[in-house]
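>>> please find the sequence and the predicted model below.
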Amino acid sequence: MIRLTRKVFVDLSIWMIGFGLLIGLVFPFFTLCLGIPSSYVLTPVFFTACIAAGFAVGAMNIALARSVVGERARLLAERMGLVASRLQDMAQGNTPEKCTPEHCAIEVDSDDEIGDGARAFNQLIQSLALSIETETAVRTFTEMLVSELDVHQLTEQALALLLQHTGADGGAILVEVEGGIRVAASHGIGSPHTLANNDRVRHALRTERRHRVKLPEDLLVDGMLAQFRPREVLIDPVQHKEVVLGAVVLASGQGFSVEDRNRLDVFERGLALALHNAILYDRLQTLAALDPLTGTYNRRFGVARLREEFQRAVRLNLPLGLLMFDIDYFKRINDTYGHLAGDRVLARVAKTARSVLREGDVLIRYGGEEFIAVLPAASRPDLEYVGERLRHMVDDLVVVDGDQSIRVTVSIGATAYPDTEVEDETALVDRADKALYAAKTGGRNRLVIS
Ligand SMILES: Nc1nc2c(ncn2[C@@H]2O[C@H](COP(=O)(O)OP(=O)(O)OP(=O)(O)O)[C@@H](O)[C@H]2O)c(=O)[nH]1
């Protein structure tokens, strides 16, 4: 370590006072050269006076140096102390108070060594402010990433933070889904959906490398008053363990600084892992909710969805239709064609039912060969139409298994809230079950609405 400060003012005092005493000592001889008689000069009184004057000048110099240099050194020390205490705060995990150049810097008004020292200190403050800002941003970003498992929420929040900390004016996060790419979050980009088919985005994804575009012609950013062409766009593939999960697109009217790009690199590493986890979680959730053979909701998740829909219908005072259907004589199908053929029939019947239902309807495998379709906003006439259509379509269905052609029919029991006054969804299912029983006992391949 360099020894910079050891006894600075003590050394200075020794040198200044010593030099003053020396001058005081040689001054009488100097006056001899000027022609002053030695009887005046070479006397103890004159010597004493000169040495005293030399001492006084040395002492005054040291006092002046202390007040001029010492004062500035004290100011520097004070500012350093302030920075140190804020760093300590940070180390203890407290939110650091601002130590921006306005708060902690020193005014530089000279070009000497003190000025150089102050300038260097200010640069230090600037670097420190930048690294504190980055550290805070990374911390906020990481906290958000670890607490969010929903792909939509995650990408929305990640994009907001990316925009905030990279100075971008607009951007989007794209995610790969089943071989395609879709916009999961976007902000401030004109027509974000076009990004999914944008050649540059595809290029970045294919080459798995950052793509920088200056003044792109095919991208506009929403400004305060009008859309404008950004000066620079960054397209970064988001990768986890060499698998591309999607891309981050950021557009800036000013262009991105080196710090912005470095910060983006740090953020994207965290984002890749979090996105990977969220996608896995999403798949697990889907797997846990779906029946593997038919792709419909399994009973557990299906009933929960039915409960939600029932509560919504009550709250919004809307009808809710329920179709419960069951394959007729399914045991015979298994016995005649085998269990695998039976499975195939089940899957085809479920597929047929899905084709009859609208988006937003919920199809549940309720038991072995028994299904429930929940139809939000459907009343009795709708149930009659959909139920009959389903019955006819299954009746027309031919399932080919090797050289066998298998045909089946379904019996359907239906009911609708609020025509059927029930307290809860369980009572609604009960009513549909009774109607299904009536359809079975009434000869099968029929619809009974209760
Ligand atoms: N292949 C196959 N069969 C199943 C599955 N789940 C249940 N089953 C069969 O479905 C059949 C249901 O038979 P039953 O409840 O007697 O009713 P059914 O023969 O359809 O007669 P009805 O309902 O009265 O018309 C049973 O033989 C079950 O083994 C499945 O996942 N795959």
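That came through, no problem.

>>> from here on, contacts and neighbour counts on C-alpha atoms
Will do.

>>> just the strands in the stretch 101-250 of the chain please.
For the stretch 101-250 of the chain, the strands defined by DSSP state E, counting those that start in this stretch occupy 170-177, 180-187, 211-214, 221-222, 227-228, 232-240, 243-252.

>>> TSV for the ones you listed, including distance to residue 110, mean neighbour count and mean pLDDT?
Listed next are the strands of the stretch 101-250 of the chain as TSV, based on distance: least, CA to CA, whole Å; neighbours: other CA atoms under 10 Å; pLDDT from 0 to 100:
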stretch	distance to residue 110	mean neighbour count	mean pLDDT
strand 170-177	43	23	91
strand 180-187	47	18	90
strand 211-214	42	16	86
strand 221-222	45	20	74
strand 227-228	44	14	76
strand 232-240	40	23	92
strand 243-252	38	24	92
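
>>> so can I have TSV of these showing distance to the ligand?
Shown next, in TSV, are the strands of the stretch 101-250 of the chain (distance: least, CA to the nearest ligand atom, whole Å):
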stretch	distance to the ligand
strand 170-177	29
strand 180-187	32
strand 211-214	50
strand 221-222	53
strand 227-228	56
strand 232-240	38
strand 243-252	35
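
>>> for residue 441, find the nearest of those.
For residue 441, the closest of those is strand 170-177, at 46.3 Å, according to CA to CA.

>>> could you check how far the closest one is from the centre of its chain?
12 Å (CA atoms, centre = their mean, to the nearest Å).

>>> export the helix or strand hosting residue 390 as CSV, just CAs?
Using DSSP states H and E, residue 390 sits within helix 380-396. The C-alpha coordinates for helix 380-396 follow below in CSV (Å, rounded to 0.1, in the frame of the first residue of the first chain):
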residue,chain,number,x,y,z
ARG,A,380,-82.1,-24.8,-22.5
PRO,A,381,-82.6,-24.1,-26.3
ASP,A,382,-78.8,-23.9,-26.7
LEU,A,383,-78.4,-27.2,-24.8
GLU,A,384,-81.0,-28.8,-27.1
TYR,A,385,-79.1,-27.6,-30.2
VAL,A,386,-75.6,-28.6,-29.0
GLY,A,387,-76.8,-31.9,-27.4
GLU,A,388,-78.6,-33.0,-30.5
ARG,A,389,-75.6,-32.0,-32.7
LEU,A,390,-73.3,-34.0,-30.5
ARG,A,391,-75.6,-37.0,-30.5
HIS,A,392,-75.8,-37.0,-34.3
MET,A,393,-72.1,-36.4,-34.8
VAL,A,394,-71.2,-39.4,-32.6
ASP,A,395,-73.9,-41.5,-34.3
ASP,A,396,-72.2,-40.7,-37.7
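
>>> by contact count, what packs against it?
For helix 380-396, the packing partners by 3 or more CA pairs under 8 Å, 6 or more residues apart in numbering; DSSP states H and E come out as strand 320-327, helix 339-356, strand 410-417, strand 447-449.

>>> orientation of the first one relative to helix 339-356 in degrees?
It stands for strand 320-327. Angle of strand 320-327 versus helix 339-356, following axes from the mean of the first three to the mean of the last three CA atoms, to 10 degrees, is 150 degrees.

>>> how about the residues of this protein by the ligand?
327-332, 334, 339-340, 342-343, 368-369 (CA under 6 Å from any ligand atom).

>>> now the helices and strands packed on helix 380-396 as CSV including mean neighbour count and mean pLDDT?
Formatted as CSV, the helices and strands packed on helix 380-396 follow (neighbours: other CA atoms under 10 Å; pLDDT from 0 to 100):
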stretch, mean neighbour count, mean pLDDT
strand 320-327, 28, 98
helix 339-356, 18, 96
strand 410-417, 28, 97
strand 447-449, 24, 97
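
>>> quick one, phi psi at the closest residue to the ligand within the stretch 151-300 of the chain?
Closest contact between the stretch 151-300 of the chain and the ligand, by CA to the nearest ligand atom, is at residue 293 (7.4 Å). Per-residue torsions, residue 293: phi -70, psi -40 (degrees, to the nearest 10).

>>> need the max-distance pair from the residues of the chain next to the ligand.
With CA to CA as the measure, no two of those lie farther apart than 328 and 340, at 17.3 Å.
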